[in-house]
Every structure is written in structure tokens, then in C-alpha cells.
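Participant: Need the 3D shape of this:
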Amino acid sequence: MTAGDANVELKAHCFDVGRAVGVVQAHGGHLICDHQETDTFFVTATGRLKYSESADRPSRLVAYHRTDSQEARRSDYEIADVRNDGSKIIRDTLAGALGTDIVVDKHRRTFAGDNWLINIDSFLGHDFIEIEVPITGAEADAQAMMAQLTSALGVTKLHILPQSYAQLAHSIPRANSERLLLGSRLHDLVLIDGPSGVGKSTLVHALRQQLPPDYRFLKRYTCRQERSGDEATDEYNYIPAETFQAMVHHGDFLESKDFLFGMSYGISWNQVKDALQDQHVDSAYGLMNLGNIRHIKEFTPEVKCVLITAPIDELRGRLEARGTHTPDALAERLDNAKMASDSQDLYDHVINNADGLFDASLAQLTALIQATSKSA
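Facilitator: Below you'll find the predicted structure:
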């Protein structure tokens, strides 16, 4: 058994497997396994515990702790190889004692390089790449190697998935089921995105004032504390953090994101269904989480996504005028704004809300939502 091992790892969308394999091999990676792998995830109070089986190697019991965030993150783990004659007994005993969360079947190709592993996985009709860099000295060295690999592979923050395969095994089938159920009506959902300070919340507030009830606004779920003024805007459904995380795990959100300090937000599938299955609702709209555009377009491509933009220097001025951001927080928000600007081609529509253009932006957004009603 390994004891106290750790690595830096991430999981990301892989939209061009052939290119990814070529890059990995060009950087010295050689194929060490190509097999079908079955992971049984058990119910645990903290961390994750899975039993991993393959015909090409001994079965393994893997326990690990890792934060679910959209970045390369540390994972602390222990692995115990299991003799084949005892594998079924251990798996079934754990399932009986703890309960089985879900079983994940994937095809995996593993490439080994100089102190790194890269897995290319096919799972539920989608391809993913998982990068693992062992922490053998300073964690910063592992992060530096991770940065080199992601740069070579073209993996950006927008590609990275915060979820485990166990969570994806819940959320992808749920998305497929809801897409089948809603059919063309899913085209009548508009999600509005944009960086901090761009004015998206102000635009949505104005939309709600002027659009009739047959254009349904979807209030996001959040587990953050209510603030002064929240009652007036009426933008959120407040739920406990434990409830929010359970919904994330079971695939109940069309899209969601966890932030630090309990700042988590998401739009649930039940909200979407309640709106789009109502014959009196022409279309539905809501705010989405910045950074989720690739996930939404990969798993629910019918949804229309709108990016609200403004020049970076104007965003800086708006954020500085708030007087609430530290220099680091301001820099992070401006970096996110650049990320959004660089990914404009992923959105269905882009609206420029530069200074002096609010009325024009509102008119554009209003016309767009009205034009999508009942799959117009």
C-alpha cells in the first residue's frame, strides 16, 4: 500500500484525442496501458473511496481527498492492490457496509512521461484527459510541471472539470435524459454570462421589470448568506451548503460552480423543466457561472448562451469604483474578464455593454430572448 502519497492533478475536456496523443508522445510519453476500467465508488462521509478493476492489472482500492475546483489541485491518496481471488469479496463487503454510490465504466489509455502520467479516457460518449504529476519534493515544482503540460496540450481553465467521474456519471445521464424530455424546448433557454463589473445583473434586473411573466426568470440556487438588498432583487433560492453539494453530486444542476467561502451558485434541471414544460412560458432566461461555457456546450449544446462584454479598462474603472476589492481580487476579476473575452467564439451571442451602451445592450438582450420564444 502507498501511504501519504500526493500528486497535483486535473481532469479536462479532450476535444481532439488524436492531437492530444501526438502532443503527449512528442513530450516523451509512452503508452503503458490501454484497457477497460470499472470503478465502484462507495458512499463516504468525506473524501472518496473507489474499487478499481481491470483485466490487465490487479484490482485496487483507492482512497483520496481532493478539492473540487476548476484548477490543478493537490490530491492526497492511498492505494492498496488486491489479490484477484479476494477482489469480489472486498468489493461486495464494502458495498454492503458503506453502500455503492455509482459504478463508472471507462476506456483508459495511460501514457507515462518523466515524472508524470496522462490518462485519456472515453466515458459516456465524451473524451477527457487527466494529468497527474506526483509531488516528490516541493508542490510548486509539481505545479510548474503541470503548467508546462497543460500549455503544451492547450488545456485552459475553461477546459478543466472540477468534478470527479463519479459526479459526471450522475450529471451526464441526467443531462441526456432532460435533453430527450425537453426536446426543442431546450432551445428556448437563454443563459447570460459575463465577468464581474460588466453589468449583467443590472441588465437582468431591467429585463425582469419589462418582460411579461411568459418570459420566465430562473432564480439561481445558492448556499451563501443573504445580504442587505437581496430581498429587493429576488435573484436567489437559498439552501444549505449540504443540500447544494448533494444536488451537485447527483447531477441536479444544469450548470453550477463552487466558489470559496460557500459562494456556490447553480440553475437546477427542475427549474428548467418547470419553466419550459409550462405552456404559458415562451422562454426562460437566467444568469450562468463564468467559466462554465465549455461544459454547457459539451453537455447541453441546445442552450443559448450570451456573453456580456465591456472593454477591460472600463471594467477596471467600474470595479475600482466599488471600493470593495483587494488588489489580488481585482486582478483575479480582470483575468477572468480576459478569459471571457478570449472565448467569445464559444457563445451564441455577444453583447457589448461598454459605457453609454446600456440601453442598446438591454434592447439587444430583450430582442434576443423574445426571438427565442417557443423555438422561433
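Participant: make it CA atoms for all contacts and neighbour counts henceforth
Facilitator: OK.
Participant: most residues in a single helix of the chain, which one?
Facilitator: Longest helix in the chain, counting residues (DSSP state H): helix 165-182.
Participant: Any idea how far it is from the middle of the chain?
Facilitator: 14 Å (C-alpha atoms, centre = their mean, to the nearest Å).
Participant: what's the spacing between the next helix or strand after it and its chain's center?
Facilitator: Using DSSP states H and E, the helix or strand that follows helix 165-182 in sequence is strand 189-193. Here the centre of strand 189-193 is set off from its chain's centre by 16 Å, with C-alpha atoms, centre = their mean.
Participant: start the count at 26, not 1, going forward
Facilitator: Sure thing, new numbering starts at 26, so read that last one as strand 214-218.
Participant: Now do strand 214-218, average pLDDT.
Facilitator: Throughout strand 214-218, pLDDT has a mean value of 98.
Participant: Would it be right to say that Ala137 lies in a strand?
Facilitator: Yes: Ala137: assigned to a strand according to DSSP: H, G, I helix; E, B strand; the rest coil.
Participant: is it in a bridge, and if so with what?
Facilitator: Bridge pairing for Ala137 (DSSP bridges) gives the partners His55, Leu142.
Participant: quick one, what contacts it?
Facilitator: Contact partners of Ala137, counting by C-alpha atoms under 8 Å, 6 or more residues apart in numbering, are Gly53, Gly54, His55, Leu56, Ile57, Ile143.
Participant: so how far is Val306 from it?
Facilitator: 53 Å (C-alpha to C-alpha, to the nearest Å).
Participant: My guess is Ile57 contacts Thr135. True?
Facilitator: Yes: contact criterion C-alpha atoms under 8 Å: Ile57 and Thr135 qualify, at 5.8 Å.
Participant: out of the two, which sits in the more crowded spot?
Facilitator: Ranked by neighbour count (other C-alpha atoms under 10 Å), Ile57 and Thr135 place Thr135 first, with 19 against 10.
Participant: are any of the contacts of Ala137 buried, and which?
Facilitator: Buried members of the contacts of Ala137, scored by 16 or more other C-alpha atoms under 10 Å, are Gly54, His55, Leu56, Ile143.
Participant: Could you dump those residues into JSON lines with pLDDT and distance to His374 added?
Facilitator: Output for the buried ones among the contacts of Ala137, formatted as JSON lines (pLDDT from 0 to 100; distance: C-alpha to C-alpha, whole Å):
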{"residue": "Gly54", "pLDDT": "97", "distance to His374": "40"}
{"residue": "His55", "pLDDT": "97", "distance to His374": "42"}
{"residue": "Leu56", "pLDDT": "98", "distance to His374": "41"}
{"residue": "Ile143", "pLDDT": "98", "distance to His374": "35"}
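Participant: for the residues you listed, which one is nearest Ala365?
Facilitator: Nearest to Ala365, judged by C-alpha to C-alpha, of the buried ones among the contacts of Ala137 is Ile143 at 27.5 Å.
Participant: Next up, the contacts around that closest one.
Facilitator: Val49, Thr135, Phe136, Ala137, Ile154, Glu155, Ile156, Glu157.
Participant: Of all residues in the protein, which one is nearest the centre?
Facilitator: Leu186 (4.9 Å; C-alpha atoms, centre = their mean).
Participant: so what's that residue up against?
Facilitator: Contacts of Leu186 by C-alpha under 8 Å, 6+ apart are Leu35, Lys36, Ala37, His38, Ser94, Gln95, His320.
Participant: so it bridges to which residues?
Facilitator: Lys36.
Participant: how near is it to Glu96?
Facilitator: From Leu186 to Glu96 the distance is 8 Å (C-alpha to C-alpha).
Participant: Mutual contacts of those two, please.
Facilitator: Joint contacts of Leu186 and Glu96 (C-alpha under 8 Å, 6+ apart) are Leu35.
Participant: Give the burial count for Val331, as a bare number.
Facilitator: The burial count for Val331: 23, using other C-alpha under 10 Å.
Participant: and it, backbone torsions?
Facilitator: When read as degrees, to the nearest 10, the backbone of Val331 gives phi -120, psi 130.
Participant: which residues does it contact?
Facilitator: Taking C-alpha under 8 Å, 6+ apart as the test, what Val331 contacts is Val215, Leu216, Ile217, Asp218, Tyr372, Asp373, His374, Val375, Ile376.
Participant: what about the stretch 126-275 of the chain, any weak spots by pLDDT?
Facilitator: 252-258 (pLDDT under 70).
Participant: what about the strands in it?
Facilitator: Taking DSSP state E, counting those that start in this stretch as the criterion, the stretch 126-275 of the chain contains strands spanning 141-148, 151-159, 185-186, 214-218, 240-242, 245-247, 261-263.
Participant: got the domain boundaries for this structure?
Facilitator: Following automatic domain parsing, the chain resolves into domains at 30-187, 203-400.
Participant: Reformat those as JSON lines; add distance to Ala194.
Facilitator: Listed next are those as JSON lines, based on distance: least, C-alpha to C-alpha, whole Å:
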{"stretch": "domain 30-187", "distance to Ala194": "7"}
{"stretch": "domain 203-400", "distance to Ala194": "8"}
